[in-house]
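Trainee: A structural model of the following input is requested.
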Amino acid sequence: MAEVLDSRIHILNDDDEIISKNMQVQLEQSDSKEDRNEIDQPPDEWLPITQSRRGNSWTATFHLLCSGIGTQTLSLPIAFLYLGWFWGIMCLSVAFVWQLYTIGVLVSLHESVPGTRFSRYLQLSIAAFGVKLGKLLAIFPVMYLSGGTCVMFIITGGGTMKLFYQLLCGDCSSKHPLTTTEWFLVFITLATLVSLFCANLHSVALMSFLGATMAVGYCTILWIVFVAKGKLDGVVYDPSEAVSSESGRVRSIFNALGIIAVAFRGHNVVLEIQGTMPSTPNRSSSKLMLKGVVASYLIIAMCFFPLAIVGYWAFGNKLPINGGVLMAISTTLNYHMSKPLLGLIYMQIIISCVTAFQIYSMVVYDNLERVYASRAKHECPKLVRMGIRIFFGGLTFFISVAFPFLPSLALIIGGISLHLTFGYPCLMWIAIKRPPMKSAKWWLNLALGCLGTALSVLVVLGAVWNLVCRGLDANFFHPR
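Mentor: Got it, this is the predicted structure:
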């Protein structure tokens, strides 16, 4: 948009007469869509992620544990089934160190620009790659990952509720049984009710503490039970026994790498969690966040490694490929495990899914409320917030019922957004920090960024290959 201003000038001609003339001066004004969007951004105090900045290293630890440990951990022994002892432990260790490094990169970039806090993954992506490219690279993967994870919580949590009810009621469950769809509805109703009482991310801290306790609890109980019960008879630990053909062997390796990579989740909410913390010139939020990261990932390592190693030791080649340890305890071990203990594990999984739902859904709420506040020019009213939460709950419920086979596509779904964990943080570090080209840090982050993107492509290709070979039971609108 250009603004034209009239300006009168005076000229002295050859006859010494003063002549006045009008001159048009054109002033260019910045009116690009990008600038308007920057101006129209609502204050952080209006949005649920940054509405409260009273967090600390304790709440960060609870959030990271609750969002980082889930039922995907129960599939880690399957990766060992395809890789064997040495390569299984090696790949799990490399992935753990790699993703821990990228979390440290995200934490360091949170306040990398003086006077600015990047409290959302999308904001950091825009700062690194520009508005258009930043949105293109981040907005879909972040929203897709957050929404897709919530759908997985409904399918897993609702299915576990059904198992828990059948375990408790026994024969009475056959008289008036609830369908799987109805159990999904029970789960999403409970999760949505909880979200109505959680106005912002910091208010979820108590729920995160409960979810973290439950997640650590069932992981620890499971590997202790496996040790106490011992391994199954006739267990074989040779990866070649799991797959016979050479092509199947390559395909299984791709899937094993995907299982390990997808097990590490939560990078899309790390900046959001740090955004709940206060920051002062004397003490930045990075110091508090790093304490939470170290504490939480020490505990996560104590859950992931024992469960993967002991689970593979206990089941070996007899581990169910579909469902992993969760399927194993529901079919093989339930005859040897007491009902109270098995019921406790089911209850912990349900609570963990409900509480983790609150963290991942908060990213979606924040984006929807930001759109509303940008257009309405005021903070989102309570009724609108309730409507947003109910709408999102209904949408995820519909998707879970329409596509109940999504857990079978977990590697494809997770692989598409895997670069958010292993690739983008390193590339964003290069774009923002601008280290000397070809320095050690430049090469390290460039290599990890490219490898992370390549890993994402590799996992998706392996999952699609596996899907073509094994087929898919696409039971649309018929949850089992």
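Trainee: so for stretch 121-133, what gets flagged as buried?
Mentor: 121, 122, 123, 124, 125, 126, 127, 128, 129, 131 (16 or more other C-beta atoms under 10 Å). From N, CA and C alone the C-beta is placed, and that goes for glycine too.
Trainee: for it, the averaged confidence score.
Mentor: Here stretch 121-133 scores 91 as its mean pLDDT.
Trainee: please apply the same query to stretch 463-470.
Mentor: Stretch 463-470 comes out at a mean pLDDT of 86.
Trainee: now residue 290. Nearest residue, chain neighbours left out?
Mentor: Nearest residue to residue 290 in three dimensions, chain neighbours excluded: residue 107, at 6.0 Å (C-beta to C-beta, 6 or more residues apart in numbering).
Trainee: how about the one you found, what does it touch?
Mentor: The contact partners of residue 107, by C-beta atoms under 8 Å, 6 or more residues apart in numbering, come to 270, 274, 286, 289, 290, 293.
Trainee: ok, residue 57 next?
Mentor: So residue 57 contacts 288, 289, 291, 292, 295 (C-beta under 8 Å, 6+ apart).
Trainee: separate out the buried members of the residues you listed.
Mentor: Burial by neighbour count, 16+ other C-beta under 10 Å: within the contacts of residue 57 this picks out 288, 289, 292, 295.
Trainee: of the residues you listed, which is the nearest to residue 425?
Mentor: residue 289 (14.1 Å; C-beta to C-beta).
Trainee: follow-up on the earlier one: looking at the buried ones among the contacts of residue 57, which are in helices?
Mentor: Per DSSP state H, helices hold the following members of the buried ones among the contacts of residue 57: 288, 289, 292, 295.
Trainee: does the last one really touch residue 61, like I thought?
Mentor: Yes. At 4.7 Å, residue 295 and residue 61 qualify as touching, with contact defined as C-beta atoms under 8 Å.
Trainee: can you tell me how far residue 346 sits from residue 461?
Mentor: 35 Å (C-beta to C-beta, to the nearest Å).
Trainee: neighbour count winner among the two?
Mentor: Legend: neighbour count by other C-beta atoms under 10 Å for residue 346 and residue 461, higher for residue 346 (23 against 15).
Trainee: gap between stretch 78-85 and the chain center?
Mentor: Relative to the centre of its chain, stretch 78-85 is centred 24 Å away, using C-alpha atoms, centre = their mean, to the nearest Å.
Trainee: buried stuff in that stretch?
Mentor: Buried, per 16+ other C-beta under 10 Å, within stretch 78-85: 78, 79, 80, 81, 82, 83, 84.
Trainee: name the nearest of the residues you listed relative to residue 151.
Mentor: Distances from residue 151 to these, taken by C-beta to C-beta, are shortest for residue 78, at 21.5 Å.
Trainee: now do the same contact list for that closest one.
Mentor: 256, 259, 319, 321, 324.
Trainee: and for residue 273?
Mentor: Taking C-beta under 8 Å, 6+ apart, one finds 55, 60, 63, 64, 67, 201, 289, 292 in contact with residue 273.
Trainee: surely the third one is in contact with residue 208?
Mentor: Spelled out, that is residue 63. Yes. In this structure residue 63 lies within contact range of residue 208 using C-beta under 8 Å: 4.8 Å.
Trainee: overlap in contacts, these two.
Mentor: residue 359.
Trainee: more neighbours, those two?
Mentor: Set residue 63 next to residue 208 and count neighbours by other C-beta under 10 Å: residue 63 wins out with 32 against 25.
Trainee: which strand or helix spans that one?
Mentor: helix 57-68 (DSSP states H and E).
Trainee: list the buried residues of that helix.
Mentor: Those would be 57, 59, 60, 61, 62, 63, 64, 65, 66, 67, 68, for helix 57-68 by 16+ other C-beta under 10 Å.
Trainee: list the buried residues of the following helix or strand past that helix.
Mentor: Following helix 57-68 in sequence order, the next helix or strand is helix 76-109 (DSSP H and E). Residues of helix 76-109 classed as buried: 76-84, 87-89, 91-92, 95-96, 98-109 (neighbour count, 16+ other C-beta under 10 Å).
Trainee: what of stretch 214-222?
Mentor: Buried, per 16+ other C-beta under 10 Å, within stretch 214-222: 214, 215, 216, 217, 218, 219, 221, 222.
Trainee: average model confidence for it?
Mentor: pLDDT averaged over stretch 214-222 gives 95.
Trainee: check stretch 157-175 too.
Mentor: 81.
Trainee: tell me which helix or strand residue 282 sits in.
Mentor: Going by DSSP H and E, residue 282 is not part of any helix or strand.
Trainee: measure it to residue 119 for me?
Mentor: Residue 282 is 20 Å from residue 119, by C-beta to C-beta.
Trainee: what about residue 383, neighbour count?
Mentor: 8.
Trainee: ditto for the one 3 residues further on
Mentor: For residue 386, the neighbour count with other C-beta under 10 Å is 13.
Trainee: for the helix or strand hosting it, packing partners?
Mentor: Assigned by DSSP H and E, residue 386 belongs to helix 382-402. Secondary-structure packing of helix 382-402 (3 or more C-beta pairs under 8 Å, 6 or more residues apart in numbering; DSSP states H and E): helix 131-169, helix 180-196, helix 339-376.
Trainee: pretty sure residue 216 belongs to a strand, no?
Mentor: No. If the criterion is DSSP: H, G, I helix; E, B strand; the rest coil, then residue 216 is helix and not within a strand.
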